[in-house]
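Trainee: no letters, just coordinates:
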């Protein structure tokens, strides 16, 4: 168990040029978090989390601030000693190892680049700390900087680099030590929105190329959606759902997940009847809809329906149907190719998302209908904690 | 001050006037000492009847001022050891305090700074009483420790300010990259807090060099200290070499200050 | 250097202070409750002599007042200079900082001589005033509290200026522009924007100046003279001339206690201001 | 806690510093010793004259520790038997304190080869006289008339130039006693002194530490002070306008004595040091300018600035019984503090 985590091959050596990107890299390492619990005094920050990250996969830890995602990441990194639970890499526990011996590379939210060292010195730091021969250090620093397309900036101090460039150097520094696991702690939080998407793609590309297993902590659902192979949505120290981003979006496990990942319109109602595999639900806003749900509900049970903005559509105020309900359009905003409608139905506020055709409709009375193709999530009403 | 409204001018003028007075008060006495050191008179006298460099010549005369040179050597050595020792201890304490958010850190910081408010004369007497009780005759080591007690709080203040500005993520980053604590300290922490350490060391050095009360009790025949020797010379004979020595001290300290300022922005740091 | 183990870095200083600072102080404290320095037998005589004697209590008050007045005097000069530093260009800024550090570099021995020269009956100030006709006869400055405060103002000003300038440097100049753009007068800007932000530095400076001025033995005795009774002088006299060490110890502890009380009060004020 | 364990404790604490071969280890080898010496002129004189003579005569190296008399007593007392130096040099007041506190080794005058050159009574079982000091009034002849005696100091025209210093020093104590006598007081009754002082206090331009007096005098803050001939000669040689006035009641004199510190490990060297100090060549060199000591060796003539022809004249000077003065001094010091306080 002395050296459980070093990659057998010198990945960087094989990818000296950006052209050598293409084929998927060797299989990475598997990371397991097993029943991890962390407490700060009385408060439980992480409450018995068990998660697995498959080799070469990016897992996003997504959740609001204070949900325990960063604590979990720091536990994996070895900065925090958990009260209970184990961290395993390739099945071997690493809890007894200090951060530097875990084979974990970290990109910090602030990047934590050493301000008194040049980009190259920053990248070389971990290699020198491992006592690698000088020639190898030089070669690998060059390769790592090339991999993040920062070859021309080796001599610059972090202060002379832009935020995006700093992030690339931080990534190169983390990758240069050939980590088994790459931890990314809100790596895009300090960047302009416009830069983010480019860098997200870039990091994903590099991660793929190195085949490194990665954990990404973020509170930004878009970031998690675009980066992660799977995401774990956390709340109050617990994991509410772990799934591929599309699954999380389409089939949220809880109302919280439905609300946190993507926008969710919450409609309360009661199960009127069971119709085969589907349920007929009488919504409080005054409509009756037929829905499929994997969950079982009793007739008469109060339920909560979480509909995505694209699950709903505007109808003419005069077109009364049972599955639509009356509402008032307050405003429509064009958002690129789409239109976002802000609608109120009684006390319920709704957001609708439609493709834009011509002029936006004028504010006033409308009806809102659930699209027949839509598969909104249905929860027992009590779940809405 | 171009954007001042007319109504603000009297207040601005008042502030400016007081600031000018403050500069005069700060610099005036030092100028008087420097001017006095060039006097042609036989004793310390202001205003000097004429100007000459003879007291500097006499001060540097290896025979006639041998005792001053020896005392200066002692003082410089003690001040150097004091600066190194107190700054090293203060750096450790400052890092510990900066890294801990716990309540004890605040308390400890207060305790560490306590010697600042202790009258030196009382501490000198107490230290001598204590060491005699332990049957330890005054020695170089005790003298340095005594000075270090007075100097450490000065160092702690400046190093503490630097250490507080140290991003903890840098330390974690270094640890996660596989660096040992010692390597992290040497390669990351020390370079980053170096300006604070240098400023703290400078302050500790100066405070030791100028210390009278502790030296009075803890120095011995072998550790004749410069300020005490100058004190005796001034009191009994108004020896002008005292002013010349002071002139040299100010010049050397000032030079050192400028050099260190160039290197680490010392002047700016001392304000932090 | 994990967060948990960081406290160990404080050990060297803590142990050194315990051995070389705290222990001597405890012996001093024990001495104050003894009949003689050999800690022969228990006695409250020294403390009765300090606390039950109007002259000694007056000396306590004098010492605290000296500290307080010096703090006010340094404030009066240091605050305008720090403000000038705030609005000055880089050259003037440097000059001000160098001037602020200069008194620290002058030996205490020679500094006191300089002040005899300045404050004496035929000194710089009296000569200047006499030559301009502002006064007809020399005014007494040396050996007065005014003179002593003036001298201490120079000696202690760095301790006020340095933290003050450090605090003011954190003020974004845009804030001052914003304040005046919002129509605030200079006085209002100073009171509402600058002062609150400078407060921590101001209080740190006050604490340092107070502690240093009220314990400045050499300046007090040489510039202040024998007509002004301050505790450090009495401590020295009892210890070194009269050899009444229990009384010297009690006076020293009284001095320390008084200064620490004021320092603690100022620090509490600072913390409250920081939270307000 | 035993001495041994305390030593062990400290040894551990100081191990790195003390044992690391740093300089300033106390020299304990045979042929070396340390002596306290008054700072300033005495320090310079003894280093220049006595140290080479001692080295030549006995092969002894001496290190000097500059300390005023009261500081020597305080330091030796605080040291509790660990002699901080081998030889004291003291005025009568501190000498009596030192005797009371048993800080001296018993002294055998017979071990001094130069004993015969000392006047009778200048060596005893605690130490030997090595110099004398003559105390009187110093004044600036360009500013004030020559005061006739101690009584004059209470007159407004003199008082407004007078610098007062308290009972902290031997010369201060002697002068104040003489001033008391001039207004009807005595060593037993200092009340008249304080009564008269109170009347002139508002005129007096300085009440100062003894050490501050020369500076105050030369900067014109004061033009009259009580001091010894030695200080007057020294200041005069440095171009200060100063003259010594022998009061009409006579100048006061006292001896400066040397003593061997209790616990000294260099007793032989200490005797040789004191013996060399009173030897004729050393006394003669010290009596000459620029040092102008008042010699105690009967073969040496006092310098021109000293108001005496030979050491025998000292008998006609006013002297004081310090065994009576010392017990009262703490009270006088306290009283002086309170009277002077505004």
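Mentor: Sure thing, it's come through. Bear in mind that the values here come from a model prediction, so they are computed numbers and not experimental data.
Trainee: okay, now residue D:58: neighbour count?
Mentor: Residue D:58 has 17 neighbours, counted by other C-beta atoms under 10 Å in any protein chain shown. All C-beta spots, glycine's among them, are computed from the backbone N, C-alpha and C.
Trainee: I'd guessed it sits against residue D:269; true?
Mentor: Yes - if you go by C-beta atoms under 8 Å, residue D:58 and residue D:269 touch, sitting 7.3 Å apart.
Trainee: count the neighbours of residue 180 for me.
Mentor: In the absence of a named chain, this looks at chain A. 23.
Trainee: can you look at chain B instead?
Mentor: By the measure other C-beta under 10 Å, the count of residues near residue B:180 is 14.
Trainee: next: residue D:284.
Mentor: Neighbours of residue D:284 (other C-beta under 10 Å): 16.
Trainee: residues in contact with residue 187?
Mentor: If you meant another chain, say so; for now it's chain A. Applying C-beta atoms under 8 Å, 6 or more residues apart in numbering or on different chains, we find residue A:187 in contact with A:107-109, A:167, A:170-171, A:199, A:203, A:216.
Trainee: to clarify, I was referring to chain D.
Mentor: For residue D:187, the contact set (C-beta under 8 Å, 6+ apart) comprises D:177, D:180, D:320-321, D:324-325, D:328.
Trainee: in helices, which of those fall?
Mentor: Residues of these located in helices (DSSP state H): D:177, D:180, D:324-325, D:328.
Trainee: so residue A:233 touches residue A:262, yeah?
Mentor: No - with contacts counted by C-beta under 8 Å, residue A:233 stays clear of residue A:262, the gap being 11.2 Å.
Trainee: any stretches of chain A with poor pLDDT?
Mentor: Residue ranges of chain A with pLDDT under 70: A:1-27, A:383-385.
Trainee: need the buried ones from the contacts of residue D:187 selected in ChimeraX.
Mentor: Applying 16 or more other C-beta atoms under 10 Å in any protein chain shown to those, the buried members can be selected in ChimeraX as follows:
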select /D:177,180,320,325,328
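Trainee: what's the farthest-apart pair in the contacts of residue D:187?
Mentor: Across the contacts of residue D:187, the longest distance by C-beta to C-beta is 14.7 Å; it joins D:180 and D:321.
Trainee: coming back round to it: mutual contacts of residue D:58 and residue D:269, please.
Mentor: Shared contacts of residue D:58 and residue D:269, counting by C-beta under 8 Å, 6+ apart, come down to residue D:31.
Trainee: which single residue of the stretch 151-300 of chain A ends up nearest chain B?
Mentor: Per C-beta to the nearest C-beta, residue A:177 is where the stretch 151-300 of chain A lies closest to chain B, at 6.1 Å.
Trainee: quick one: the strands in the stretch 151-300 of chain A, in order.
Mentor: For the stretch 151-300 of chain A, applying DSSP state E, counting those that start in this stretch gives strands covering A:181-185, A:213-218, A:230-235, A:238-243, A:265-275, A:278-283, A:287-292.
Trainee: which stretch among those approaches chain D most closely?
Mentor: Ranking the strands of the stretch 151-300 of chain A by proximity to chain D (C-beta to the nearest C-beta) places strand A:181-185 first, at 42.4 Å.
Trainee: returning to that earlier point: quick check: closest non-adjacent residue to the residue of the stretch 151-300 of chain A closest to chain B.
Mentor: For residue A:177, ignoring the flanking residues on the chain, the nearest one in space by C-beta to C-beta, 6 or more residues apart in numbering or on different chains is residue A:126 at 4.1 Å.
Trainee: that neighbour looks like it's in a strand, true?
Mentor: No - counting by DSSP: H, G, I helix; E, B strand; the rest coil, residue A:126 is not found in a strand; it is helix.
Trainee: how about the residues of the stretch 51-200 of chain B near chain A?
Mentor: Within reach of chain A by C-beta under 8 Å from any C-beta of the partner chain, the stretch 51-200 of chain B has these residues: B:167, B:169-170, B:172-180, B:183, B:187-188, B:191-192.
Trainee: how many neighbours does residue A:81 have?
Mentor: Applying other C-beta under 10 Å, we find 11 residues neighbouring residue A:81.
Trainee: tell me the spacing between it and residue A:87.
Mentor: Using C-beta to C-beta, to the nearest Å, we find residue A:81 at a distance of 11 Å from residue A:87.
Trainee: apart from its neighbours in sequence, what residue is nearest residue 115?
Mentor: Using chain A. Nearest non-adjacent residue to residue A:115 (C-beta to C-beta, 6+ apart): residue A:158, at 5.5 Å.
Trainee: actually, chain D is the one I wanted.
Mentor: The shortest distance from residue D:115 to any non-neighbouring residue, by C-beta to C-beta, 6+ apart, is to residue D:109 (5.2 Å).
Trainee: now residue A:45
Mentor: Closest to residue A:45 by C-beta to C-beta, 6+ apart is residue A:71, at 4.3 Å.
Trainee: residues touching that neighbour, list them.
Mentor: Residue A:71 sits next to A:38, A:45-46, A:80 when contact means C-beta under 8 Å, 6+ apart.
Trainee: in those, which residue is surrounded by the most others?
Mentor: Among the contacts of residue A:71, the one with the most neighbours (other C-beta under 10 Å) is residue A:46, at 29 neighbours.
Trainee: re earlier: so who does the residue nearest to residue A:115 touch?
Mentor: By C-beta under 8 Å, 6+ apart, the contact set of residue A:158 is A:111, A:113-115, A:119, A:122, A:166, A:169.
Trainee: distance-wise, check it relative to chain D.
Mentor: According to C-beta to the nearest C-beta, to the nearest Å, residue A:158 stands 39 Å off from chain D.
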